[in-house]
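> From the sequence below, what's the structure:
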Amino acid sequence: MKRLYLPMPQSLSLEKTIHILGDEKVLSVSELSGMIKSTVEKSFTSLRVQGEISGLKLHSSGHTYFSLKDDDSVINAICWRGTHLSFPLEDGAQIIVKGRVTTYSVKSQYQIIVEEANIAGEGALLKILNERRKKFHEMGYFDKKRPIPKYPRIIGIITSKTGSVLQDMQHRLRDRYPICKIIVWSVNVQGNEAASQVAEAVRGFNIMVDERPDVLIVARGGGSVEDLWPFNEEIVIKAVYDSNIPVISAIGHETDTTLIDYASDLRAPTPTAAIELCTPVLSDVNLQIIQYCERMTMSMLRILREHENKIDNFAKSISASKFFIINLSQRFDEMSDRFVKSFETYFNLESLKLQKQKIISLENYIALKKQTCSSASSVFDKLMKVYLNRYFELITILSGRLEQGSYKKILEKGFCFITDTKGGAIKTKVEFENKGDEQMLLNFVDGTASIKQS
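Have a look, this model is predicted:
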């Protein structure tokens, strides 16, 4: 570990000063402390010290107290509230601070007032980053992934409103998908307050009721590891994890990697690429809609033709059944006439037989034969009813199929068909376009509506 040793300035002559003053008068403790404080502060007005942070404590006043230590020594340090640091302090970090030395007379100790602080080398910073990545992975912050909507209505952008990043993203959105609305939540993207502001913005978008975004983009331009450090903070990672709105991270350039990239639902290599990943090209969408409409029209026409053919076939079947029944009725009449004639012939023959046989009980014999004929006629009637009922059932089935194939049933499923004012069907796109400004009718199941080409 590299250490910077502070040489004692030659202007420091505290021992000589105390000796001279001691001969003249007796000093109070406060006077002595004041002299030491004045001498130290004049001698160490600006210096840099490297060490490891220990005993970090954030006071309610906003001041930060900690110690810097190496293998042999420890020195107290104070970072006043409002001091701008490029990264948050934490125990165990190796840092280089710039500041001045002062004394704290209440406890007779000297300390460093920190004005600037930097990580002692990029390797140490990357070590902290890897440790945090492992920690957050074990906590499950990188496991939750939500789908990105294909056609967002509103995009929430979390970035600085003063940089060029926002302008580039807005310009890219106007070129691709101008019907989408943008809501910008301006935050600091660097410094101590950046992490808390970004987390607050993510939470704020999630609790919105009116015009709630469909997707969030957290964006900033490139920078050093220290500049991008706020996007490695746990407060930001947890806010992204808890978000109910999908989040796209667009931090730095393509080679920059922060922990928010792992926690977000999608990582974009650049802020403008984030716009491209969550929005389609409007012209492509319009072309796709036109293609879908044409395919739907062709499908409707095909279905209408199929049902038209089925209706024709049913009509022909019913027509053929009608002729079949007519022929059957005619045959029934012919069979009835033949039966009557046969019965008369049979009766005459039997009468002749009776006369020849000289049967006395002719009336009883005739009554018996009439009963036999009556039974035969009843059986014949039953058989004819069964025969006719079968054909009537066939007619009913065919009529039901014809009804199911009716165009009204098709309209009940959500279809419509176009006709001119005279009722002529318009079946193709060419026929539709040839009508020009002529009024046409959209036929629905519950009525019609008139249309004209625009």
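
> in this structure, which spans are helices?
Along the chain, counting by DSSP state H, helices occupy 14-24, 29-43, 122-138, 164-176, 194-206, 234-242, 259-263, 271-278, 282-357, 362-404, 407-412, 429-434.

> Lowest mean pLDDT across the ones you listed, which one is that?
Here the lowest mean pLDDT among those goes to helix 14-24, at a mean of 51.

> picking up where we left off before, how about the helices of the chain, which one is nearest residue 68?
With Cβ to Cβ as the criterion, residue 68 lies closest to helix 122-138 of those, at 14.3 Å. Heads up, the C-betas are built off the backbone N, CA and C, glycines and all.

> Can you check what angle separates that closest one from helix 234-242?
Going by axes from the mean of the first three to the mean of the last three Cα atoms, to 10 degrees, helix 122-138 is angled at 30 degrees with respect to helix 234-242.

> Helix 122-138 packs against which elements?
In terms of contacts (3 or more Cβ pairs under 8 Å, 6 or more residues apart in numbering; DSSP states H and E), helix 122-138 is packed against helix 234-242, helix 259-263.

> Name the residues of stretch 174-189 that are buried.
By neighbour count on 16 or more other Cβ atoms under 10 Å, the buried set for stretch 174-189 is 176-177, 180, 182, 184-185, 187-189.

> Quick check: residue 251 touching residue 263?
No - judged on Cβ atoms under 8 Å, residue 251 makes no contact with residue 263 at a distance of 11.5 Å.

> what about those two, which has more around it?
residue 251 (29 against 25; other Cβ atoms under 10 Å).

> Contacts only, for the more buried one.
Applying Cβ atoms under 8 Å, 6 or more residues apart in numbering to residue 251 gives the contacts 218-220, 228, 231, 258, 260-261.

> hmm, try it at 10 Å
159, 189, 218-223, 228, 230-232, 257-261, 264, 267-271, 274 (Cβ atoms under 10 Å, 6 or more residues apart in numbering).

> neighbours around residue 428, how many?
By other Cβ under 10 Å, the residues close to residue 428 number 11.

> these two touch, right, it and residue 305?
No - using Cβ atoms under 10 Å, residue 428 is not in contact with residue 305, being 11.3 Å away.

> what's the most buried one of the helices and strands packed on helix 122-138?
Of all the helices and strands packed on helix 122-138, helix 259-263 carries the top mean neighbour count, a mean of 23, counting by mean count of other Cβ atoms under 10 Å.

> now the buried residues of stretch 174-189 as a markdown table including distance to residue 41?
As requested, the buried residues of stretch 174-189 are exported to a markdown table (distance: Cβ to Cβ, whole Å):
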| residue | distance to residue 41 |
| --- | --- |
| 176 | 60 |
| 177 | 60 |
| 180 | 58 |
| 182 | 52 |
| 184 | 46 |
| 185 | 44 |
| 187 | 38 |
| 188 | 33 |
| 189 | 36 |
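
> List just the nearest of the residues you listed to residue 46.
residue 188 (27.2 Å).

> ok, that closest one - contacts?
Residue 188 sits next to 160, 162, 194-198, 220, 230 when contact means Cβ under 10 Å, 6+ apart.

> Among those residues, which one lies nearest to residue 329?
Of all the contacts of residue 188, residue 198 has the smallest distance to residue 329: 90.5 Å, by Cβ to Cβ.

> Look up how far residue 260 lies from the closest one.
8 Å (Cβ to Cβ, to the nearest Å).

> same check, this time on residue 33
Relative to residue 260, and taking Cβ to Cβ, residue 33 is found at 48 Å.

> With residue 178 instead?
Here residue 178 is placed at a distance of 28 Å from residue 260 (Cβ to Cβ).

> Domains in the protein, by residue range?
Listed by automatic domain parsing, the domain ranges of the chain are 14-120, 128-280, 284-404, 416-454.

> for those domains, which one ends up most surrounded?
domain 128-280 (a mean of 18).

> what is in contact with residue 251 and residue 263 at once?
Common contact partners of residue 251 and residue 263 (Cβ under 10 Å, 6+ apart): residue 231.

> re the thing from before, export the contacts of residue 188 to JSON lines and append columns for distance to residue 81.
Shown next, in JSON lines, are these (distance: Cβ to Cβ, whole Å):
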{"residue": "160", "distance to residue 81": "23"}
{"residue": "162", "distance to residue 81": "24"}
{"residue": "194", "distance to residue 81": "17"}
{"residue": "195", "distance to residue 81": "17"}
{"residue": "196", "distance to residue 81": "14"}
{"residue": "197", "distance to residue 81": "17"}
{"residue": "198", "distance to residue 81": "21"}
{"residue": "220", "distance to residue 81": "25"}
{"residue": "230", "distance to residue 81": "18"}
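
> Which of those sits closest to residue 373?
Comparing these against residue 373 with Cβ to Cβ places residue 198 closest, at 107.1 Å.

> Now do the same contact list for that closest one.
Per Cβ under 10 Å, 6+ apart, neighbours of residue 198: 158-159, 185, 187-189, 218, 220, 230-231, 233, 235-236, 239-240, 260.

> which regions of the stretch 1-150 of the chain sit below the pLDDT cut-off?
Residue ranges of the stretch 1-150 of the chain with pLDDT under 70: 1-24, 86-87, 121-125.

> where do the strands sit along it?
Under the criterion DSSP state E, counting those that start in this stretch, strands of the stretch 1-150 of the chain are mapped to 47-58, 64-69, 74-79, 94-104, 109-119.

> Mind putting those strands into a markdown table with distance to residue 398?
Below are the strands of the stretch 1-150 of the chain laid out as a markdown table (distance: least, Cβ to Cβ, whole Å):
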| stretch | distance to residue 398 |
| --- | --- |
| strand 47-58 | 89 |
| strand 64-69 | 92 |
| strand 74-79 | 94 |
| strand 94-104 | 93 |
| strand 109-119 | 88 |
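
> Which one, of the ones you listed, ends up nearest to residue 281?
Of those, nearest to residue 281 by Cβ to Cβ is strand 109-119, at 42.9 Å.
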